[in-house]
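In: based on what follows, work out the 3D shape:
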Amino acid sequence: MNKKWFQLWNIGRLRSKVLDILSLGRTLLLLAGGSLVFFMLLGAGGLAGQKLNASPVPSMKGLAASLSSGFFMELLGMEVPHLPKGDEPSAFSAPKVTSFVFRMLTSVDPGNPKSLLSREVPGLAADDPFLLREGSGGTAGAPADYHPGTDELAADDLQSDPGTAGGSEGPGTPADSGSDKPDAAATPPPQPTAAPDSGANAGGGDGGSGRENAGENTGDTSIKRILIYHSHPREAYNPLLGVQSDNPSSAVPSKNVMLVGSYLTERLEKLGIGTIHSKDDYVTEVPDYNWNFSYKYSRITIKAALAANEEMTDLIDIHRDSQRHGKTTAVIDGKSYAQVYFILGHANKNWKKNEAFSNSIHQLLEKRYPGLSRGIWGKASGNGNNGEYNQSLSPNSVLIEVGGIDNSAEELKRTADVLAEAIAEVYWNNHDAEKAAAPDYTADDKAVQSSAGVS
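Out: Residues are numbered from 1 along each chain as shown. Next up, the predicted model:
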């Protein structure tokens, strides 16, 4: 009897162990299957995100750019005992870690209530700039958007200098298909023609680059290859207006960003590259003007210029930053320059090509004038733009902000000259068949060094 009971007890014990093993195996199998499904869905979501959204924000590069340098220093400090520690609070403190994880999972910043409502309330969505490539000019401050004011300064300027605002050089007005009109009642503004820029010396300046006559080319510039235009043509500069405003605005080309466009055009023409400078002032030219349609208006200008000039490839939209002088100025070799931002539109699915074009210019500035560039930034739709800044019309298209509201004509001229030289060199490098006619930058540098007594 006892023996029989003992046998039954052993069988029951064995059965219990087998059931435990099977239960554990089933649990492990479920975990493995669940993990497999999770990672498959994660991968599919990543592929779908790349197809539906060209923005680099979700990338590892974007994640790294969003973290402070102190974060990486602390990571290194865990492995390098003698690495100096900064005075800043630890990036691994509970509030910072909690805030970071919450923002990563929900895209809501606990310290910014606006971010909670931005997706639900029309017009409240943020258009925060996103750093793609650092510039030696500093990346602590992102570009600040311009917002249209009352145009009081512009009205005063028009009264004192009538007939100066608006228009483009030359007599022609190429037609556009009209497919991009922002309003059925709005007619296309006068379009740019193939006539070279004139009067580009308004406002003066010494150039400051030591290469004022460098690389001048007397080749045929009647073939227009570059378009300089302004989606926000009334962005102005306080020193040119003689005012102290937080939002200077003017319709007079010699007092707003059109002056920078004129400087660029003159320099590019001297470097042998035919350039059109559009001076369209959409406020006065477009019936029922709406500032929120700014990039639709300039899109008409671009398409007309491209239709009239088959060789045109480069599109440069010149703007002005809205920050004060201390954040938009660099001193290089004892001379002050207006700093530049390069802006790319995330909604353009081919933004990487535009980024490569921008980076070519950016790297030349970094090499020759360190401190001039504030880097390459990405932005999404909002603030009156179409999400791509019309950059889908050409892979060689970029928006460049030159200086801020307090930069002087001399600072703008110096920057425009060196920026034009960088744009020209990138252009010639992209057109091998035309390199024979390109300026000899190497010989030019030797000439400058020789005149300075440098062997």
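
In: give me the domain ranges for the protein.
Out: Domain assignment for the chain, taken from automatic domain parsing, gives 60-126, 152-451.

In: weakest of the ones you listed by average pLDDT?
Out: Per-stretch mean pLDDT for the domains of the chain is lowest at domain 60-126 (a mean of 56).

In: distance check, the nearest residue in space to T221 that is not next to it in sequence against K353.
Out: Nearest non-adjacent residue to T221, counting by CB to CB, 6 or more residues apart in numbering: G274, 4.1 Å away. (Each C-beta comes from the backbone N, C-alpha and C, glycine too.) Plainly put, G274 is 23 Å away from K353 if you go by CB to CB, to the nearest Å.

In: give me the more crowded residue out of the two.
Out: Applying other CB atoms under 10 Å to G274 and K353 shows that G274 carries more neighbours, namely 20 against 16.

In: does the more buried one touch I223 like I think?
Out: Yes - between G274 and I223 there is a contact under CB atoms under 8 Å: 4.9 Å.

In: now list whatever residues contact both of the two.
Out: With contacts defined as CB atoms under 8 Å, 6 or more residues apart in numbering, the residues shared by G274 and I223 are E311.

In: strands along this structure, start to end?
Out: Here the chain has its strands, by DSSP state E, at 130-133, 224-229, 274-277, 314-319, 329-332, 335-338, 340-345, 373-379, 397-402.

In: can I get these in CSV including distance to T284?
Out: Shown next, in CSV, are those (distance: least, CB to CB, whole Å):
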stretch, distance to T284
strand 130-133, 34
strand 224-229, 16
strand 274-277, 18
strand 314-319, 19
strand 329-332, 31
strand 335-338, 27
strand 340-345, 26
strand 373-379, 27
strand 397-402, 23
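
In: among those strands, which comes closest to G242?
Out: Smallest distance to G242 across those (CB to CB): 18.0 Å, for strand 335-338.

In: pretty sure T275 is touching G261, no?
Out: No - taking CB under 8 Å as the definition, T275 is not a contact partner of G261, at 9.5 Å.

In: over to Y146: give its phi and psi.
Out: phi -90, psi 140 (degrees, to the nearest 10).

In: also Y289?
Out: Note on Y289: its backbone torsions stand at phi -60, psi 140 [degrees, to the nearest 10].

In: any idea how far it is from A424?
Out: For Y289, the distance to A424 (CB to CB) stands at 34 Å.

In: in terms of neighbours, single out the busier of those two.
Out: The neighbour comparison of Y289 against A424 (other CB under 10 Å) goes to A424, with 27 against 17.

In: what distance do you get for the more buried one to L264?
Out: 10 Å.

In: and for A347?
Out: 26 Å.

In: more neighbours: which of these two?
Out: Between A347 and L264, L264 has the larger neighbour count (other CB under 10 Å), namely 27 against 18.

In: wait, the more buried one sits on I228?
Out: Yes - between L264 and I228 there is a contact at 5.4 Å, judged by CB under 8 Å.

In: who touches both of the two?
Out: Common contacts of L264 and I228 (CB under 8 Å, 6+ apart): T275, H277, I316, I318.

In: between those residues, which sits nearest L19?
Out: Closest to L19 out of the shared contacts of L264 and I228 is I316 (74.3 Å), distances taken as CB to CB.

In: what's across from the closest one in the sheet?
Out: Note on I316: beta-bridge partners by DSSP bridges are I228, V398.

In: so it is in contact with L227, correct?
Out: Yes - using CB under 8 Å, I316 makes contact with L227 at a distance of 6.9 Å.

In: to P248, which of the strands of the chain lies closest?
Out: Of all these, strand 314-319 comes closest under CB to CB, at 13.3 Å.

In: just the CA atoms of that closest one, as PDB, please.
Out: The C-alpha coordinates for strand 314-319 follow below in PDB (Å, rounded to 0.1, in the frame of the first residue of the first chain):
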ATOM      1  CA  ASP A 314      20.200  77.700 -58.700                       C
ATOM      2  CA  LEU A 315      17.400  79.400 -56.700                       C
ATOM      3  CA  ILE A 316      18.400  81.500 -53.700                       C
ATOM      4  CA  ASP A 317      15.700  83.000 -51.500                       C
ATOM      5  CA  ILE A 318      17.200  85.800 -49.400                       C
ATOM      6  CA  HIS A 319      15.700  86.600 -46.000                       C
END
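
In: that one to strand 340-345, inter-axis angle?
Out: Interaxial angle, strand 314-319 versus strand 340-345 (axes from the mean of the first three to the mean of the last three CA atoms, to 10 degrees): 110 degrees.

In: which other helices and strands contact strand 314-319?
Out: When contacts are defined as 3 or more CB pairs under 8 Å, 6 or more residues apart in numbering; DSSP states H and E, strand 314-319 packs onto strand 224-229, helix 257-270, strand 397-402, helix 409-429.

In: now for these, which one comes closest to V243?
Out: Comparing these against V243 with CB to CB, the closest turns out to be helix 409-429 (14.6 Å).

In: now T329: how far from A338?
Out: According to CB to CB, T329 and A338 sit 6 Å apart.

In: between these two, which contacts overlap?
Out: G403, G404, N407, E411.

In: which residues of the protein fall in helices?
Out: 2-52, 60-66, 69-79, 94-106, 114-117, 152-160, 238-241, 257-270, 282-285, 294-308, 351-368, 409-429, 441-451 (DSSP state H).

In: quick one: average pLDDT of the first one?
Out: Helix 2-52 comes out with an average pLDDT of 73.
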